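A.B. asks: Okay, here's the prediction I keep looking at, along with the sequence it came from:
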Amino acid sequence: MRFKLLSIMILIILVPSLMRLQDITVVAEESIVKEHPRLFFTKSDIPNIKERIHMNVTNELFLKLRSLCDKYLKSDMPKPKSSGWCRYLYAARKAQVQMIQCALMFLLTEDKSYLDRVRAVVKTVLSWDNWIDPDHMKPGVHSDLMTAEIAIGLAIIYDWLYDYLPQDELSEIRRALSERAASQIYADSRAGIWWASSDGYSSNWCGVMHGGLGLAGLALLGEVPEAKFWIIQAKEKILAFLNSGDPDGAWSEGVSYWEYGIGHAVLFIEALRRVTGEDLYKHPYLKASCLFPVYAIMPDFSGQVNFADSSYEGITRLIWLLFRLSSEYRNPYSQWTALKILEMRGSNSWRTHWEFLWFDHTLKPICPEGHLPNSKVFHGAR
């Protein structure tokens, strides 16, 4: 069976089901989770996470994750290349992945060599003069994707390793995360920079930038007074970002940037619910978007429909997000799709940690063939 995406131009204006801040229940401050870790799991969750090491699917992901972390232990510190577009952003992304993956491996194995690697990478990142890529520097601009990706990495490390890092290192991370990342993103967003205005709500930048801002706020909530304002701003803009999605579930930038933008928004959405109880998963777009990649991937899983800014390659990047959304909305077809990508193309090294954490063993996958129509029109994919 060939599942295919059909992009058509129509004259009908489709109005999505919009959500506003007042549509989200605000939880009383006393009910907010205060202890670390809290963003993606709590201390009491760790024994159950360790059990995943020996379970089908996640066992293989654990072995892949450990292999990656062992390579990091023998490699040089991440640093920008001497030339190339966005070389500082890519160095920051590499640092973020190493920090998070080694932090998780430390929590799973209690091997301090992984903790030492995290501390060394954090020290390297804190030593960088700039947290904004030179290719994105403009007068009056204080932050970019590099800033947001560093914010995500430091927020997670601060939360996951709160009980294991010395107080002086925690203080240094807290200060840098606040002053060099979150405050800069917040200032740009409040000033109405393009990715925080109606012109940019449909851009992956909106999801990534406010995902980073929101995670920083949730990590430092109760410790930095400004954190609550970062969270409020992130919620407002993430809702606008989701409201710009096609009601049918498509994303106008293509599948690749759906994963990047929506994926980083989901990081915030997941942590927000865990810390405050506020549930942005209720937004109708997220549930509808589960089937977007199902139809957009080639029948032989060699690639994806490469319209807009989406590349043909890169379908392994979809696994982690499909695991999370499939579990949330109990969608067996997107679960099957993610598992099929994993089987045929393997894990994505940049996302293996989320694949390990977010695969849902209780959700039985179902092949879409014979259960879903052979094709689907996504009116917003134009």
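C.D. replies: Great, that's in hand.

A.B. asks: Show me where the chain dips below the pLDDT cut-off.
C.D. replies: 1-30, 382 (pLDDT under 70).

A.B. asks: tell me the SS of the closest residue to Phe301 other than its chain neighbours?
C.D. replies: Counting by Cβ to Cβ, 6 or more residues apart in numbering, Phe301 lies nearest to Met344, which is 4.7 Å off, once chain neighbours are set aside. For glycine as for every other residue, the C-beta is placed from the backbone atoms N, C-alpha and C. Assigned with DSSP: H, G, I helix; E, B strand; the rest coil, Met344 falls in the helix class.

A.B. asks: Offset the numbering so it begins at 200, please.
C.D. replies: Taking 200 as the first residue, the last one we looked at is Met543.

A.B. asks: Next, work out how far apart Met543 and Thr536 are.
C.D. replies: 11 Å (Cβ to Cβ, to the nearest Å).

A.B. asks: Can you pick out the residue with more neighbours from these two?
C.D. replies: Thr536 (28 against 12; other Cβ atoms under 10 Å).

A.B. asks: Okay, and that one sits in which element?
C.D. replies: Element membership of Thr536, judged by DSSP states H and E, is helix 531-544.

A.B. asks: domains of this structure?
C.D. replies: Split into domains by automatic domain parsing, the chain comes to 200-207+444-581, 255-436.

A.B. asks: can the ones you listed go into a markdown table with extra columns for distance to Phe239?
C.D. replies: Output for the domains of the chain, formatted as a markdown table (distance: least, Cβ to Cβ, whole Å):
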| stretch | distance to Phe239 |
| --- | --- |
| domain 200-207+444-581 | 6 |
| domain 255-436 | 8 |
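
A.B. asks: Contact partners for the residue nearest to Gly413 when sequence neighbours are not counted?
C.D. replies: Spatial nearest neighbour of Gly413, excluding adjacent residues (Cβ to Cβ, 6+ apart): Ala433 at 3.1 Å. Applying Cβ atoms under 8 Å, 6 or more residues apart in numbering to Ala433 gives the contacts His409, Gly410, Leu412, Gly413, Gly416, Phe467.

A.B. asks: Give me the three-state assignment for Lys575.
C.D. replies: Three-state assignment for Lys575 (three-state DSSP): strand.

A.B. asks: What's opposite it in the beta bridge?
C.D. replies: Leu204 (DSSP bridges).

A.B. asks: what's the distance between Phe577 and Gly460?
C.D. replies: If you go by Cβ to Cβ, the gap between Phe577 and Gly460 works out to 16 Å.

A.B. asks: helix or strand for the residue nearest the centre of the chain, which one?
C.D. replies: In the chain, the residue lying closest to the centroid (Cα atoms, centre = their mean) is His463, at 3.0 Å. Using DSSP H and E, His463 falls within helix 454-475.

A.B. asks: how close does the residue nearest to Phe500 sit to Pro564?
C.D. replies: Distance from Met543 to Pro564, by Cβ to Cβ: 14 Å.

A.B. asks: again, but for Arg523
C.D. replies: In terms of Cβ to Cβ, Arg523 sits 15 Å off from Pro564.

A.B. asks: And these two? Which one has more around it.
C.D. replies: Arg523 (24 against 17).

A.B. asks: Give me the three-state assignment for the more buried one.
C.D. replies: Three-state call for Arg523 (three-state DSSP): helix.
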